[in-house]
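Asker: Sequence unavailable; structure follows:
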């Protein structure tokens, strides 16, 4: 009976957390699928798979996921513009992996969560 009560408490307590994680994962996947459709396959499947890890790392918080995606995009744009200035020509044919930018954006968002208490 005691084990059954622990299982019930565990399932009730962690059910809300699991739902929050699933909402965060679904939200992030939808965002990256839309970006992939808009960019005509510019985002690879590895980027989309890594977005699941980012959503879990950010505890499923949609606000943190939005901040992380914004920071990731800004860092990616800055790196692309820096490469454009260094090379001096359009480098659209070069493929730049987006996962390092996603990693840095998620780390910065997690730090901001602790500093600002989002």
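Answerer: Perfect, thanks for sending it. All of these numbers come straight from a predicted model, not from anything done at the bench. Numbering: from 1, shown residues only.
Asker: For residue 29, which non-adjacent residue is spatially closest?
Answerer: residue 51 (6.3 Å; C-beta to C-beta, 6 or more residues apart in numbering). (Each C-beta comes from the backbone N, C-alpha and C, glycine too.)
Asker: isn't that neighbour right next to residue 32, touching?
Answerer: Yes: using C-beta atoms under 8 Å, residue 51 is in contact with residue 32, at 4.8 Å.
Asker: Return the set of buried residues in the helix or strand hosting the residue nearest to residue 29.
Answerer: Take DSSP states H and E as the rule and residue 51 turns out to sit in helix 45-57. Under the neighbour-count criterion of 16 or more other C-beta atoms under 10 Å, helix 45-57 has 47-48, 50-52, 54-55, 57 buried.
Asker: ok, now stretch 98-111?
Answerer: Result for stretch 98-111 [16+ other C-beta under 10 Å]: buried residues 98-99, 101-103, 105-106, 109-110.
Asker: quick one on the thing from earlier: now whichever helix or strand comes after the helix holding residue 51 against helix 45-57, angle please.
Answerer: Downstream of helix 45-57, the first helix or strand assigned by DSSP H and E is helix 62-87. If you take axes from the mean of the first three to the mean of the last three C-alpha atoms, to 10 degrees, helix 62-87 sits at 140 degrees to helix 45-57.
Asker: one step back: the residue nearest to residue 29: what's it in contact with?
Answerer: 28-29, 31-32, 102 (C-beta atoms under 8 Å, 6 or more residues apart in numbering).
Asker: Could you rerun that using 7 Å?
Answerer: Going by C-beta atoms under 7 Å, 6 or more residues apart in numbering, residue 51 touches 28-29, 32, 102.
Asker: any idea how far residue 57 is from it?
Answerer: According to C-beta to C-beta, to the nearest Å, residue 51 and residue 57 sit 10 Å apart.
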